[in-house]
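K.L.:
Need a 3D model of the following:
(3 chains)
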Amino acid sequence: MSWTDERVEILKKMWGEGQSASQIAKELGGVTRNAVIGKVHRLGLSNRAGSGGGAGAAAPKAEPKTKPAAKAKPAVKAKPKAKSPATENPKADESADPAPATESARPAGPARRAIIPAGQPLPPQPSANEIDPAALAKVNEVEKGAKKLNLMELTERTCKWPIGDPATEEFWFCGLPVQQGKPYCEAHVGVAFQPMSSRRDRKR
DNA sequence: CCCTGATTCGC
DNA sequence: GCGAATCAGG
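P.N.:
Residues are numbered from 1 along each chain as shown, chains lettered A, B, ... in the order given. Predicted coordinates:
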């Protein structure tokens, strides 16, 4: 792929919006994030600060630097770095999942109390309390080994299942490796997406 | 570990 | 000009 006018436009736009190089690369397709970054630099819009003037406040740059030419392993390396506190991570996406229940940060046990949504309205919840016990058990188990990530630490491949009460310090996200395509790890996918047919004939 | 951008340099 | 490899940091 080459940098056509169109592609450059997209690049500029997205970079301006604070999108990460990898996201831009993904969007464009056919290029790696490195290519994107390289282009960004060549276009001279590396730092997103762009504050007034900018002037010649360029980094001093007084280090010849070593290079990995052929086969060298530079031990130390000075780094000017004129990074700006640009805004980052406007990630607040995907939330169209069946509202997860907060049900682990407690003594546990066989008790499958009424799942209390921590203050959030849970629109569609057909059979929320009809979760397969086995799946629940698995969840409880996996949550013990949760990575306890905070909002900032979530990525596209970390389970975004919330654990605990958001209003408390006792709150974090699972963080385990997600299942391909899903926002949750295997265990949580299990309770998040119910086949809605799991236990049809529940005679009582 | 995952990610981010920055830089260098052979092509 | 391009971008992989590498570096540096979160």
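K.L.:
Name all residues that make contact with A:Arg7.
P.N.:
A:Met1, A:Leu28 (Cβ atoms under 8 Å, 6 or more residues apart in numbering). Glycine gets a C-beta too; all of them are placed from N, C-alpha and C.
K.L.:
So it versus A:Gly38, what's the distance?
P.N.:
Noted for A:Arg7: a distance of 13 Å to A:Gly38, by Cβ to Cβ, to the nearest Å.
K.L.:
Show me where chain A has its helices.
P.N.:
Assigned by DSSP state H, chain A shows helices spanning A:5-16, A:21-28, A:33-42, A:133-144, A:186-192.
K.L.:
Could I get the buried residue list for the helix or strand of chain A with the lowest mean pLDDT?
P.N.:
Ranked by mean pLDDT, DSSP states H and E, the weakest helix or strand in chain A is helix A:133-144, scoring a mean of 75. By 16 or more other Cβ atoms under 10 Å, the buried positions in helix A:133-144 come out as A:Ala135, A:Leu136, A:Lys138, A:Val139, A:Val142, A:Glu143.
K.L.:
for that helix, packing partners?
P.N.:
On a contact count with 3 or more Cβ pairs under 8 Å, 6 or more residues apart in numbering; DSSP states H and E, helix A:133-144 meets helix A:186-192.
K.L.:
Using CSV, write down the CA coordinates of the helix it packs on.
P.N.:
Backbone C-alpha positions of helix A:186-192 (Å, rounded to 0.1, in the frame of the first residue of the first chain) are rendered in CSV as follows:
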residue,chain,number,x,y,z
GLU,A,186,-13.8,-17.5,28.6
ALA,A,187,-15.4,-17.8,32.1
HIS,A,188,-17.1,-14.4,31.9
VAL,A,189,-18.2,-14.9,28.3
GLY,A,190,-19.9,-18.0,29.7
VAL,A,191,-22.1,-16.0,32.0
ALA,A,192,-22.4,-12.9,29.9
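K.L.:
pLDDT score assigned to the residue lying closest to A:Met14 once chain neighbours are set aside?
P.N.:
Nearest non-adjacent residue to A:Met14, counting by Cβ to Cβ, 6 or more residues apart in numbering: A:Ile24, 4.6 Å away. At A:Ile24, the pLDDT value in this model is 93.
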